[in-house]
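*Asks:* Here is the input, now give the coordinates:
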Amino acid sequence: METTPTQIRDRLGLLADLACGFLESGQSGWSTKQVLSDDAQALGLDGFHCTTVGRVVIVEAHLPDGSNVTVTTCADALDLIDCGRSLRLHRLAARLRDAGDQAADRLDDLRQEVRDLRAAVAPWWAVTVGTTLLAFVIAMQLGVGWQAWVTASAVQVVTALAGQLLGRLHLPHLFTIAVQSSVAGAVATVLVKAGAVDPVGAAAAIAVNWLLLIPLPQIIGAMNDIIDADYLTAVTRTGSVAVTGLGITIGGALTFQLGELLHMEHPLLDELPGLPWYFALVFSALGAIGNALANGGWLKLLVPATVIGVITGAANQALSVAAGFNTLWANAGAAIVLGAVSMVMARRTGYPQHVFALMGITGALLPGIAVVSGILLQMGGQSGAAQFGSAATICVALGTGVAFGAFLTQRLLRLPAQP
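*Replies:* Presented below is the predicted three-dimensional model:
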């Protein structure tokens with residue numbers, strides 16, 4: 001029996017909802033299109049085409065008379081990664097492909113299942129626990145004292161709570177980031193004045209918090225979109241990163257002004273103390289685990305997170321310590337390795353590739369030392385622009401390296417398109 005226009009529109013509606021769920025879980029636009037194309041074929045949609053422009057999703061297919069029908073919707077967000085939700089959405093898409101025509105008979109149930117998955121988010125307290133652990137471990141990697149580790153954790157808890165409050169007020173993203181970064185600076189400054197931590201430790205705590213505000217999924221996604229020639233979506237993601245950067249800049253300016261008003265002394269360090277390679281590997285693994293918890297990965301991702309953290313940390317140590325590469329090139333090279341390994345692990349575990357990429361970056365590759373040095377210089381009356389610029393360059397290199405490593409591995413191993 002010939003499919004009616006209403007049935008085609010209903011099937012497109014299901015695929016549009018599914019696409020929004022993928023985008024809201026951190027998946028790139030191109031990867032989303034690949035998954036939807038397979039599902040559309042299973043649903044019997046001829047001439048299916050999917051377009052993503054930022055958060056906007058447009059799906060279309062041919063009608064029996066040769067004309068087209070289009071469904072347009074919009075994802076709620078792009079800068080989030082939810083490991084558990086992403087995996088469940090991919091499993092639902094796989095069921096849809098396997099069911100084929102039978103899935104078309106239960107579209108209402110499937111759409112409701114997609115809506116339920118989109119509405120399901122990791123509890124805020126679980127995310128806060130994960131990011132606090134992540135902040136603690138990243139501070140450890142900077143080689144500063146234990147007071148800085150505790151301060152970074154405390155600052156992260158306060159800013160996470162501030163983010164929850166501002167989210168309920170539906171404050172624009174720019175202002176939310178500006179307030180969170182300002183709160184981080186204010187809390188760390190108060191702790192210095194109270195004698196709980198020294199200025200170097202406070203700078204490390206602030207740096208860790210600002211780094212965790214950077215939307216790394218957007219950077220990775222933008223590079224993937226550029227490789228896939230999806231330039232419109234790449235520009236949208238880049239704009240989101242720029243807005244976050246502007247918010248952090250505003251918060252930084254307020255933080256530095258507060259330091260001047262309180263006449264805080266900030267020693268200038270030529271370099272921060274480093275860590276032995278074996279400690280670096282341990283902290284890389286712990287950082288990846290913290291990221292898994294923060295992004296809804298729970299216990300199923302603890303072992304894969306440990307593996308990806310150790311591999312990424314080992315690659316970075318080999319390039320920076322053994323081969324003598326500078327920080328930028330060592331991180332970029334390690335990111336390429338991470339992209340390759342994350343692609344293979346994604347195929348073996350069923351989790352999307354970007355989930356593992358983010359774990360490896362936050363566990364081992366964040367440019368914390370550059371940001372700490374910039375903060376100390378800025379608060380010491382000098383310019384930290386070079387250090388902040390170096391940190392931004394490293395972040396871009398990380399996204400580029402991961403995207404290139406994944407692309408190269410997919411081509412060399414002839415893997416199917418990774419969701």
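*Asks:* immediately after the longest helix seen in the chain, which helix or strand?
*Replies:* Secondary structure of the chain per DSSP state H: the longest helix is helix 231-261. Downstream of helix 231-261, the first helix or strand assigned by DSSP states H and E is helix 277-294.
*Asks:* tell me the average confidence for that following helix?
*Replies:* Mean pLDDT, computed over helix 277-294, is 82.
*Asks:* what are the C-alpha coordinates of that helix, in CSV please?
*Replies:* Provided in CSV are the C-alpha atoms of helix 277-294 (Å, rounded to 0.1, in the frame of the first residue of the first chain):
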residue,chain,number,x,y,z
TRP,A,277,55.5,10.8,34.4
TYR,A,278,53.9,8.1,36.5
PHE,A,279,51.9,10.6,38.5
ALA,A,280,50.9,12.3,35.3
LEU,A,281,49.4,9.0,34.0
VAL,A,282,47.5,8.4,37.3
PHE,A,283,46.0,11.9,37.3
SER,A,284,45.2,11.6,33.6
ALA,A,285,43.2,8.4,34.3
LEU,A,286,41.5,10.0,37.3
GLY,A,287,40.6,13.1,35.3
ALA,A,288,39.0,11.0,32.5
ILE,A,289,37.0,9.2,35.2
GLY,A,290,35.8,12.5,36.6
ASN,A,291,34.7,13.5,33.2
ALA,A,292,32.8,10.3,32.7
LEU,A,293,30.9,10.9,35.9
ALA,A,294,30.3,14.5,35.1
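*Asks:* what's it packed up against?
*Replies:* Helices and strands touching helix 277-294, by 3 or more CB pairs under 8 Å, 6 or more residues apart in numbering; DSSP states H and E, are helix 124-141, helix 302-317, helix 353-360. Every residue, glycine included, has its C-beta placed from N, CA and C.
*Asks:* Out of these, which is closest to Cys395?
*Replies:* Of all the helices and strands packed on helix 277-294, it is helix 353-360 that lies closest to Cys395, at 12.5 Å by CB to CB.
*Asks:* So which residues lie in contact with that closest one, not counting its own?
*Replies:* For helix 353-360, the surrounding residues in contact (CB atoms under 8 Å, 6 or more residues apart in numbering) are 26-28, 81, 83, 86, 216-217, 220-221, 224, 288, 291-292, 295, 297, 301, 304-305, 308-309, 311-312, 335, 338-339, 341-343, 345-346, 402, 406, 418-419.
*Asks:* quick check: angle from it to helix 302-317?
*Replies:* Angle, helix 353-360 to helix 302-317, by axes from the mean of the first three to the mean of the last three CA atoms, to 10 degrees: 60 degrees.
*Asks:* Report the distance from helix 353-360 to the chain centre.
*Replies:* Its chain's C-alpha centre and that of helix 353-360 lie 8 Å apart, by CA atoms, centre = their mean, to the nearest Å.
*Asks:* Could I have the buried ones of the contacts of helix 353-360 as PyMOL selection syntax?
*Replies:* To isolate the buried members of the contacts of helix 353-360 in PyMOL, using 16 or more other CB atoms under 10 Å:
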select buried, resi 26+27+28+81+83+86+216+217+220+221+224+288+291+292+295+297+301+304+305+308+309+311+312+335+338+339+341+342+343+345+346+402+406+418+419
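*Asks:* Quick one: residues contacting Gln317.
*Replies:* So, once contact is read as CB under 8 Å, 6+ apart, Gln317 ends up touching Trp277, Ala280, Leu281.
*Asks:* mind giving me the domain ranges of the protein?
*Replies:* 5-119, 124-412 (automatic domain parsing).
*Asks:* tell me the most buried of the ones you listed?
*Replies:* For those, the largest average neighbour count (mean count of other CB atoms under 10 Å) is found in domain 124-412, namely a mean of 21.
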